[in-house]
Structures are given as C-alpha cells and as structure tokens.
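**Student:** sequence and predicted structure below; questions after.
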Amino acid sequence: MDENWRPLIPGLVKAYLRWKHDGPQHVSAADGSSSENPSGATYDFDIDVLDIYSLASSAHISRAPTIEYTAEALMLNGYLGSSPFSPSLAISVKTLDLLRCLRLYKPSFSMEAYTKLLCHQYMIPFHRRYRTALADAFDVYLTVLRNVRHQVLGALGRDTLNWRVLNACPPCGYELEGEPPLKFSRMYCIDGNNSLKRLAPVGNRKAGDQRNFTETDYYLPVDFVEKYAHEVRSRQIPEKIAGMRAAGNPSADNGDPTDGGEDGNSACTTNWKAAAAEEKKRMWGVFEETGIFASACRHGLILWLIDMVRSGELAKYPLAIVAKVHEVLGARTLCGYDIGCSFQKTIRASFLGPDFARLESRCCVNAFHGYSHAYSCQTRHHPNVIEGMGIEDLETLERVFSSSNQLAGVTCYASAYRRRIFIDMFFQQWDDDKYANLGTMPYNNYVQALDIINTKGLALADALQSLGISLGDLKTFGEEEDQYFQTVGDETPWDVHAMAYVELLQELRDVRTQLDSVSGRFLNTAPNNYEFLPPLSGPTVYETDLSQTQRLETQRRTLSERYNTLLQDVVATEVRLGIQARWQPSDPPYAETVKYISTRKYQQALGKLQKLVIQRLFELHKLNLSQTVRTHIAKSLQTRCKAIRNAVNAYNTAASALVPPRPTLDWTKVSHYGFLEEFDLLQDTRADIRDKPWARPAVRETMKLTRRIERAHEEIVRCNVEVRRLHTAIRDEDMLFGAVLEDLQRRRDILYGPVHEFCVRRRGLNAHVLACINRIYALDGFTGDPSPGQRVGASLPAIVRPSELERSLSVEGRELDLELREGLDLDDEDEDTGDLGGLVEYLANLAV
C-alpha cells in the first residue's frame, strides 16, 4: 500500500493546503441539495463517506479535468480515500483530524474505539472493514501533515540538522551575551522504560505491515547505536541474578550500563542488576521491542529516543546518548541516571572516556532513586551534594514515562511502523505541552528557592552560633565524612586471606569431628569378638542392619573425601601466606581473625536491616500518594515488615556474638527509625567515630541545611539566566514570525496559511509563558535582569515592535490573575508529579 500512496503524497499535500486554507471545492451531500459543478458531470462522482460531523452517508465529489488522481479530487473536497486508486469509501479530513486530536491528548484512545464511536453515531453495526479503512486513511493523513510540518519548519529556518535539540528548549540552549557562567551548561537525564513493548512475530514469519518509519528526528539511527554494542562486555554476576536472565537472549553477552566500571559488585550495582534482571525475566523471547531508552533536558523536552530491541538496558543505549550529547551539545554537561554512579565509570572505561574528561562532563544519580543507593554513593553523586545543580532532582523521565505509559495499550500489538508513528506523535505533543510550561517551572523553582533561603537561613545562623562552628568547618566536616564513607567496610588483603584461612580451619575441624563420630559408629556395629558367620536373623532384621551399615559407610567415605580436600586447601593457603605452624584456637592471630569474622557478620546483618528499613521509609511515605498505588504498596509493606523482623533477629544474633556484645535492637523501635545515619554510623567497629564532629546529629543536620541553602542560591542564579534566555527567545521568535509571514504574504505563497496557523498557536503559548515570566519579575526577591538580552552570535541587536504577541499577553495576564484569585497556583505537572515532588522533598529533609 505504501508504494502506491508514495507518488501521490506531493499532490495530496498541495490539495490539502488548498482545501484547508483556500476552502473546499463545492460538494453536494447525499440529502439531495444541489450545487454548482464547474468541471462538468463527466469527471464528478459519488462515493460513500464517513463524517462524524455531518453524518452523511455519501457525497458528490467535484473533480476538475486537470485533476489526475481520484485521491487529489477527494482531498480538494475535504475527504481522504481508504485506498489510492478507485476507493469505495472516503473519510472526511475533519473526522481524521478529530481522531488525531483525541490521540494527542488521550494516547490510549484506540482506532477500534473511534470506529465504534462512528458506527454508533451512524446507527450501524461495527464492521472491521471500517476500522481498516480508517486506519489506512489515518496513516496517509499523518503523512500529509508531516510533509506540511516539514515545509512550515523549512520556511521558518528550523529544518537544519539537530535544530530541535539545540533550540527547542530556550532556557537550555539560547545563550546570551554577558550572562553569568553556569557550572553545567546543560543538565539532562536518561533512563529506560519497558512499557512501550511490541510483540515479536512468530518464528521468522514476515507478514503484514513491513514499513519502517524514519521521518522523525527523535530516534537515533540504529547504525549509530550499534557502534557501541560491544563497547562493554557483560560482567560476571551473582548466580541468583544470572538465573533470572531469559534463555535465548541475543544480547546476553553485551554489558549493561554498570559493567564498565571496576566496582561491578558494589551495592548500588548489584541492586540495580537484580531489579533489572527480574523486570526483564522471560521478556526477550516474547517482544521485539522491549521498550524505549529516552533522554530529556531538565525542563522535560525530549532530546533523543532509542528502541530497546530484545534486551533490557544495555550499555550501548546510554553510551550512544552520551556520544550524541558530546557531538551536539558540547562541554560541561551533567547526566542524571538512576545508576549514574556506576555508569560514569563505564563511560570513562569506554572510548568516550577521553572526550568525557576533556568536555568536563559528569554523571549523577536522580534525587529520588539516589536515596536507595549506598550512603557512600550519596556523599558524591546525589544532587543535594553536587555544586551547581541547584534544587533540580533530574527525575524528569519518571514524569515522562508516567504519561507515555498510556501508549502501552496501542503499541503492544501494532506494527513497527505504526508503533513509531504513535510514539513520535506523543512526544511531539509532549514537547509542545512542556514548552507551554517553560514559564511555570522557573516560577515554582524560584519561589521554592526563595522560601528555602528565607526560612532556613536564620535557622542556619542560629545553629552555627550555638555549635560554635563556621561554614569553613562544615566544609571540612563534609570532606572528612566523604572520606570515611568511601573506606568504611573496606577489608585489607590480609583480612580477607586470614579470614579465609581461619574459616578453612574451622570447617576442617568440624569435618574431622563428624568423620570421627561416623567412623566410631560404623566400627561399633561390629561385635567385640568378631567372627564371620552366616546370618542367623530373619530377612527383615538382616536387611535393616545392612541398610544402616551401608549408610554409615557412605557418610564416612563422603566425609573422608571432604576432609582430604579441605586439608589440601589448608596446606595450600599456609604455603601462600607463609604460615610455618598451623594456627590453633589459642593463638592470638586465630582469636583476632575469629573476632573479625564475627564483626563482618554483624556488619552484613546490619546492612541488610538498613536496606529493608530504608525501603520501608520510602513505602510509608508513598502511602500518601495517589490512590492508584496505595493498595499495592500496602500489601508490599506487610511482606516487608516480616522481612524486617527476620533481619532484626539475624542482627541481634550477630551483635550478641561480638566481644564485647553490641546492644540488641527492639522491633518496635526499628519500625520507627527516621534517620538513615543511625545505621551507617554503626558500620565501622574497628575505629571509634563517636568523637568525630560530623558524627554528632546536630552537626550533621547543620551540614544538610547548609547544602540545601547553597543549592537554593545556585537555583536562583540558574533561574535568572534561564528566564532571561526564554524572554529573549520569545522576543526574537516573534520578530522572525512577523518577517516570515510578511514575506510569504507578499509572494502569495501557498505556505502562508499553515505558517500563519503555526505562528498563531505558538504566539498563544508564548503569551502564556511571558505572563509567567512577568510573575517571576514581580517576585519579592527577584535578582535577575527583567529585560531581554542579545543571543550569542546574533549579528544585529533585535528591534522591538508591537505585535499580536503583546496583545495576547494582556489576555494571558488577566487569566493568570483570575486563576490565582481562585486559589489555583501555577502548576506545571499533574497529580502524580506533585506526589513525586513531595516525596523527593520529604527524603531531602531526612538527616542523611
């Protein structure tokens, strides 16, 4: 079908523009109303139609002699046929456009549902041929619109390579002359999502729609992504996780984003691998595309997308994004990723490493996900401690995926072509919505930053005075804390080898004891005065004696073999460590190592308990989120509490084995823990840190307060820069619109209509954004420049003149005033996002 439609598309685009902006050709409806037919009856024809507005069952199509194809004649009359030649059914363009608009704002709305709605309005039974005709016509209609959009962007000078990524978000990319420098030129986030899956065909069967959708600048080319396919090899992983991997996964040898670093078995990495393996269990054999890997700027506008094909989050996907960022966005970028701590090491170990260092780029973890990482990771990679980040949480993609998940119901069974079309449509609309909120986000951030500075600044001053310390002392304490947590729990090579040697001795002694016991029982089965005689007992007693004797002999032989193996290991270890005399339980090295083993078991029990309680803290707070997730989390919490009880019991056993014993824990107290460092400060039993200043709760709380205020001041600086960029971009864009429209109108170009429509919509959005910017300028505490600036590289200063934008601005200003008077605060996100923001704020206030 695509091959038949392709040569008709240019003519359909021209016919669509004539119909849309010059008015339709005269049409006679089936109700018998007459019309003038300038082309004569020879070329006119009647056709069955579907039109949700008129509910006409047929239409009389006027066709001029110069119109070569029926499809063009239909389009000039406002219809699109279900096939390129000799169609038997046509759908009105307005009906198709209504479907498009419904899909933009309700992505889960299916083609079948819309067809059933049409049949209901027409009072006819639903037939699948109507759905097929509607779907085929809708594909062609979207192709026509994409061609029109491409021409509009070309007229505005926006069709160059990477224009969208470089310019779609003015606060990120519209750099101005003389603006203060920012530590990070761009902040963006990356993550994978497995909701937008598509079922794989059965076997090697190829049938149905074989088209490929490539008319998008959101997706990175497959050949570009595949350059990084073998950059990272899969690392050895625990058997428990490896068992979750699906059989037949074609990407099993390719590494994931954590496999490139040297600490592939860190707590952060192991937890992420386990979660990813369980999530992708038995997935690869069922789905062709298992989801998408996305990237977005901090304001929510999409940068690039990649389809994950028969795999989970392999390293090639984020590495390709980072490579594209280096190529297009340049230096001093910050990447937020839920496993950013390990992924940064993967980048440095790849051939992107030199560029990553030269461009002064770095990675971090997202604010919400970061609280599930080890505290040693949080002291270096959490947004709260990174200079220059402001109060940004980089959880943008969680909000993106929360919305894009609506597409899951229509992409799972779609063809590859239509799946990508739906995804492309969704993210175009998503970007339009995020652009409309570009003024709201800095307003909310500005208000939040001012509130932090004003309310917590006085508290910080009082804390410094009462503790008798300075800001310089707090910085020193932070460095000491970071150094401590980077080394806490580290074992020296001697510790490891001594522990292994003592464990071998203990096992050897236990096996020797068991072997002596079994050998003794086996020999005791023989009488004192043994003499071979035929069996005198009955068959039942004899068989019982034989079975018991054979069982004892088997146990004796097994234990003997195990003893010999352990003895060989002990001798080999002694030779390696240079031990002249075998250690005995009374020897000091043996006793010290046993004590160390007990301490290690204690630390492991405490670490498990820490993890479970942190998860419980997260889940307790989530119970205040939207109703859609409460039931699931409540059930999960019941299971978690049982696990915590078991972990408390294991901890108490390990704590009692220490010399001197550690205090045991009471379940009722553990269930109410609210400070994460209550666990981490217990980790190091080899060094007493109770006298360290940064270990005191009051000092730690002051350190956290200081970081929060520092991030708030950084956010003020960034907002001042980004708001002025946005103001300048809107001013410059309005000047461009005026000049382009004037030129198109003067030349009577057919593109004047669609370009004018584009400009009207965009000016409406710009007026709304400017109204929000004016709100920022009016804030008590605003410290930026309230006037637009000059873009870097612009040849001449912009000249401001009155326009439709300024007239629309007053209307938007009144609308915002009305909303505020009604108690409707400026909000750029939905309910779920508000819940997420509240949760991040709650976690930020924990004493970590």
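**Tutor:** Received, thanks. From a predicted model like this one, the values you see are computed outputs, not experimental measurements. Numbering: from 1, shown residues only.

**Student:** can you pull out the strands in the protein?
**Tutor:** Under the criterion DSSP state E, the chain contains strands at 28-29, 45-50, 58-61, 79-81, 89-92, 186-193, 198-199, 287-297, 302-309, 333-336, 362-364.

**Student:** do you know how far the residue nearest in space to the middle of the chain is from residue 400?
**Tutor:** Centroid check for the chain by Cα atoms, centre = their mean gives residue 191 as the closest residue, at 3.3 Å. Note on residue 191: its distance to residue 400, by Cβ to Cβ, to the nearest Å, is 9 Å. For every residue, glycine as well, the C-beta is placed using N, CA and C.

**Student:** what residues do the two have in common as contacts?
**Tutor:** Common contacts of residue 191 and residue 400 (Cβ atoms under 8 Å, 6 or more residues apart in numbering): residue 294.

**Student:** which residues of the stretch 351-500 of the chain score low on pLDDT?
**Tutor:** Low-confidence segments of the stretch 351-500 of the chain (pLDDT under 70): 487-495.

**Student:** actually, the stretch 501-650 of the chain.
**Tutor:** Residues of the stretch 501-650 of the chain that meet the cut-off, pLDDT under 70, sit at 525-546, 548, 607, 610-640.

**Student:** so where do the helices sit in it?
**Tutor:** Here the stretch 501-650 of the chain has its helices, by DSSP state H, counting those that start in this stretch, at 539-577, 588-622, 627-656.

**Student:** do the stretch 701-848 of the chain as well
**Tutor:** Per DSSP H, counting those that start in this stretch, the stretch 701-848 of the chain carries helices over the ranges 752-777, 804-821, 831-844.

**Student:** the strands of the chain: which one's closest to residue 171?
**Tutor:** Closest approach to residue 171 among those (Cβ to Cβ): strand 287-297, 8.4 Å.

**Student:** so residue 139 touches residue 421, yeah?
**Tutor:** Yes. With contact defined as Cβ atoms under 8 Å, residue 139 counts as touching residue 421 (7.4 Å).

**Student:** more neighbours, these two?
**Tutor:** residue 421 (22 against 19; other Cβ atoms under 10 Å).

**Student:** next up, the contacts around residue 180.
**Tutor:** 717, 720-721.

**Student:** which of the residues you listed count as buried?
**Tutor:** Among the contacts of residue 180, those classed as buried by 16 or more other Cβ atoms under 10 Å are 717, 720-721.

**Student:** and which of those is nearest residue 109?
**Tutor:** Nearest to residue 109 among those, with distances taken as Cβ to Cβ, is residue 721, at 40.0 Å.

**Student:** pLDDT score assigned to that closest one?
**Tutor:** pLDDT recorded at residue 721 is 97.

**Student:** for the closest residue to it other than its chain neighbours, list the residues it contacts.
**Tutor:** Of all residues beyond its chain neighbours, the one nearest residue 721 is residue 179 (5.2 Å), with distances taken as Cβ to Cβ, 6 or more residues apart in numbering. Contact analysis of residue 179 by Cβ under 8 Å, 6+ apart lists 721, 724-725, 789.

**Student:** if you set the cut-off to 10 Å instead, what comes out?
**Tutor:** Neighbour list for residue 179: 720-722, 724-725, 728, 784-785, 789-790, 792 [criterion: Cβ atoms under 10 Å, 6 or more residues apart in numbering].

**Student:** ok, now residue 591?
**Tutor:** Counting by Cβ under 10 Å, 6+ apart, residue 591 makes contact with 502, 583-585, 659.

**Student:** wait, residue 411 sits on residue 107?
**Tutor:** Yes. Using Cβ atoms under 10 Å, residue 411 is in contact with residue 107, at 9.3 Å.

**Student:** with neighbour numbers in mind, choose between these two.
**Tutor:** Taking other Cβ under 10 Å, residue 411 and residue 107 do not tie; residue 411 has more neighbours (27 against 23).

**Student:** check which residues of stretch 751-767 are buried.
**Tutor:** So, applying 16+ other Cβ under 10 Å, buried residues of stretch 751-767: 751-756, 758-759, 762-767.

**Student:** buried residues, stretch 132-146. List them.
**Tutor:** 133-146.

**Student:** looking at the residues you listed, which is nearest residue 309?
**Tutor:** residue 139 (23.0 Å).

**Student:** any idea how far the closest one lies from residue 379?
**Tutor:** Residue 139 is 53 Å from residue 379, by Cβ to Cβ.

**Student:** now the end-to-end length of stretch 410-419.
**Tutor:** Terminal residues of stretch 410-419 lie 8 Å apart, using Cα to Cα, to the nearest Å.

**Student:** give the buried residues for that stretch.
**Tutor:** 410-411, 414, 416-419.

**Student:** got the end-to-end distance for stretch 376-385?
**Tutor:** Stretch 376-385 end-to-end distance (Cα to Cα) = 12 Å.

**Student:** from the chain's centroid, how far away is that stretch?
**Tutor:** Here stretch 376-385 shows a centroid-to-chain-centroid distance of 19 Å under the convention Cα atoms, centre = their mean, to the nearest Å.

**Student:** can you pull the buried residues of it?
**Tutor:** Using 16+ other Cβ under 10 Å as the test for burial, stretch 376-385 gives 376-379, 381-385.

**Student:** what about the stretch 101-250 of the chain, any weak spots by pLDDT?
**Tutor:** For the stretch 101-250 of the chain (pLDDT under 70), the answer is 203-207, 233-250.

**Student:** residue 134 - nearest residue in space that isn't next to it in sequence?
**Tutor:** For residue 134, ignoring the flanking residues on the chain, the nearest one in space by Cβ to Cβ, 6+ apart is residue 115 at 5.4 Å.

**Student:** cool, and residue 212?
**Tutor:** Residue 212's closest residue in space is residue 417 (Cβ to Cβ, 6+ apart), at 6.4 Å.

**Student:** return the distance of that neighbour relative to residue 62.
**Tutor:** To residue 62, residue 417 is 34 Å away according to Cβ to Cβ.

**Student:** what does residue 778 give?
**Tutor:** Taken as Cβ to Cβ, the span from residue 778 to residue 62 is 57 Å.

**Student:** more neighbours, those two?
**Tutor:** Comparing residue 778 with residue 62 by other Cβ under 10 Å, the one with more neighbours is residue 62, at 23 against 9.

**Student:** these two touch, right, the more buried one and residue 79?
**Tutor:** No. Under the criterion of Cβ under 10 Å, residue 62 is not in contact with residue 79, lying 11.4 Å apart.

**Student:** picking up where we left off before, quick check: neighbours shared by residue 411 and residue 107?
**Tutor:** 404, 422-423, 426.

**Student:** would you format these as JSON lines with distance to residue 510 and neighbour count included?
**Tutor:** What follows is the shared contacts of residue 411 and residue 107, written out as JSON lines (distance: Cβ to Cβ, whole Å; neighbours: other Cβ atoms under 10 Å):
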{"residue": "404", "distance to residue 510": "57", "neighbour count": "22"}
{"residue": "422", "distance to residue 510": "63", "neighbour count": "19"}
{"residue": "423", "distance to residue 510": "60", "neighbour count": "25"}
{"residue": "426", "distance to residue 510": "63", "neighbour count": "22"}
